[in-house]
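Colleague: With the input below, show me the fold.
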Amino acid sequence: MITAYIRDGDRLRGQALAPGEALPAGTIWVDMLRPEEAERELASAHLGLDLPTKEDMSEIEISSRLYVEGEASFLTTPVIARSETGRLDLGLLTFILTPSILVTIRHTEPLWFAIFAARAMRHAGVATTMMDAFLGLLEAVVDRAADVLERVAGELDQLSHRIFADSNDLETGLLDGASKSGALRRRTVRKEQRRRRAAKANAMTEVITAIGRAGDLTQKVRDSLAGLERLCAFASTVAGPHMNKEQKVRLKTISRDVHSLVEHAGFQTMQTTFLLDATLGVINIQQTNIIKIFSVASVAFLPPTLVASIYGMNFNIMPELNWDYGYPLALLLMVLSAVGPLWYFRRRGWL
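Modeller: Below you'll find the predicted structure:
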């Protein structure tokens with residue numbers, strides 16, 4: 001699909017082009033969405049340019065994404081866009097700067113792109129030249145990246161509260177309720193605390209998944225911003241002589257915004273790593289507590305096992321075997337030898 005944006009006074013007017021149709025007079029921006037090979041070849045013939053294919057846009061080398069051919073500058077960068085599955089992903093966007101026309105080639109439909117095009121057609125002075133359209137699109141990309149980082153920051157803050165939620169808050173609230181009503185006892189408090197700890201243990205898997213999604217999205221935004229940072233530096237070199245003073249200031253402001261967002265994305269990446277480590281630490285502590293219970297239980301049952309082992313020996317001379325109360329005494333010794341260590345562990349706070 002090819003759309004030509006024509007200058008109509010202080011606004012733009014969009015017009016869909018049929019295959020082979022010539023560009024209308026006054027066109028300053030041509031947008032190509034998922035162009036087929038025939039459409040790409042026809043557009044190349046009309047514009048006098050060798051338009052890149054999707055495979056050309058996917059090249060990893062910077063020299064293959066940012067280059068100059070004749071009077072045209074080709075700038076390709078990854079941008080945040082919603083995929084067909086509804087998830088935010090990276091899509092490639094190519095800007096082609098010619099002396100009079102801006103050409104954009106894309107294979108995704110980011111919402112910010114449509115919003116900018118609609119704003120340029122509704123409001124006066126948004127994009128009256130091809131350079132204004134180029135800078136406006138860059139600003140829209142940066143704004144979208146900032147919005148995504150802000151959303152991820154909010155999600156990380158919520159995850160932090162879930163990870164470091166203090167169980168003492170629950171205990172304080174329950175005890176306050178007990179003091180007011182007189183019906184709630186400490187046993188109920190402990191029961192509710194155990195229920196909450198169990199629920200928190202089950203939620204750790206969800207937290208790890210959410211942290212992974214936040215980290216993945218932050219990394220995609222960083223990749224997009226890194227591409228924009230290189231694009232802005234390249235554009236200031238190749239397109240700087242064709243910009244007026246106001247446009248140069250706008251491009252410089254965009255470069256500064258991108259740089260600050262790159263640093264912010266790096267901070268969020270470190271925060272994501274910290275939260276992941278903290279979550280794994282909480283899980284490790286929970287597992288340690290479970291192992292501690294088994295360890296204490298095994299130690300507590302060692303003395304009863306010793307008593308049972310002694311009276312399970314088959315020696316001929318064992319006076320207790322002939323006592324009338326030998327069996328109850330052995331049972332009593334085993335119970336006392338088990339209760340004693342448990343009472344001691346409980347008093348020391350190990351249980």
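Colleague: report the longest helix in the chain, please.
Modeller: In the chain, with assignment by DSSP state H, the single longest helix is helix 245-300.
Colleague: and that helix, what does it pack onto?
Modeller: Packing partners of helix 245-300 (3 or more CB pairs under 8 Å, 6 or more residues apart in numbering; DSSP states H and E): helix 130-163, helix 186-238, helix 326-347. Using the backbone N, CA and C atoms, a C-beta is placed for each residue, glycine as well.
Colleague: and after it, which helix or strand comes next?
Modeller: helix 302-310 (DSSP states H and E).
Colleague: Next, the angle from that following helix to helix 326-347.
Modeller: 160 degrees (axes from the mean of the first three to the mean of the last three CA atoms, to 10 degrees).
Colleague: And the average pLDDT for helix 302-310 is what?
Modeller: For helix 302-310, mean pLDDT is 85.
Colleague: gap between that helix and the chain center?
Modeller: 56 Å (CA atoms, centre = their mean, to the nearest Å).
Colleague: circling back to that earlier point, tilt between the longest helix of the chain and helix 130-163?
Modeller: Going by the same axes, to 10 degrees, helix 245-300 makes 20 degrees with helix 130-163.
Colleague: Can you tell me which of the helices and strands packed on helix 245-300 is packed in deepest?
Modeller: helix 130-163 (a mean of 18; mean count of other CB atoms under 10 Å).
Colleague: Check which helices and strands that one sits against.
Modeller: strand 27-33, strand 72-82, strand 88-97, strand 102-106, helix 111-122, helix 186-238, helix 245-300.
Colleague: Now that helix: average pLDDT?
Modeller: Mean predicted lDDT for helix 130-163 stands at 87.
Colleague: what's the spacing between it and its chain's center?
Modeller: 12 Å.
Colleague: repeat for stretch 97-105
Modeller: 34 Å.
Colleague: Could you find the closest non-adjacent residue to R106?
Modeller: Distances taken as CB to CB, 6 or more residues apart in numbering put L93 closest to R106, at 4.9 Å, once the chain neighbours are dropped.
Colleague: Quick check: I254 vs G215, distance?
Modeller: 26 Å (CB to CB, to the nearest Å).
Colleague: same check, this time on A127
Modeller: On the measure of CB to CB, A127 and G215 end up 36 Å apart.
Colleague: try F301
Modeller: 45 Å.
Colleague: do the same with T205
Modeller: 16 Å.
Colleague: Below-threshold pLDDT in the stretch 151-300 of the chain: ranges please.
Modeller: The model of the stretch 151-300 of the chain has pLDDT under 70 over residues 166-202.
Colleague: I'd like the helices and strands packed on helix 245-300 laid out as JSON lines, including distance to V296.
Modeller: Listed next are the helices and strands packed on helix 245-300 as JSON lines, based on distance: least, CB to CB, whole Å:
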{"stretch": "helix 130-163", "distance to V296": "27"}
{"stretch": "helix 186-238", "distance to V296": "17"}
{"stretch": "helix 326-347", "distance to V296": "5"}
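Colleague: With that, I have no additional questions.
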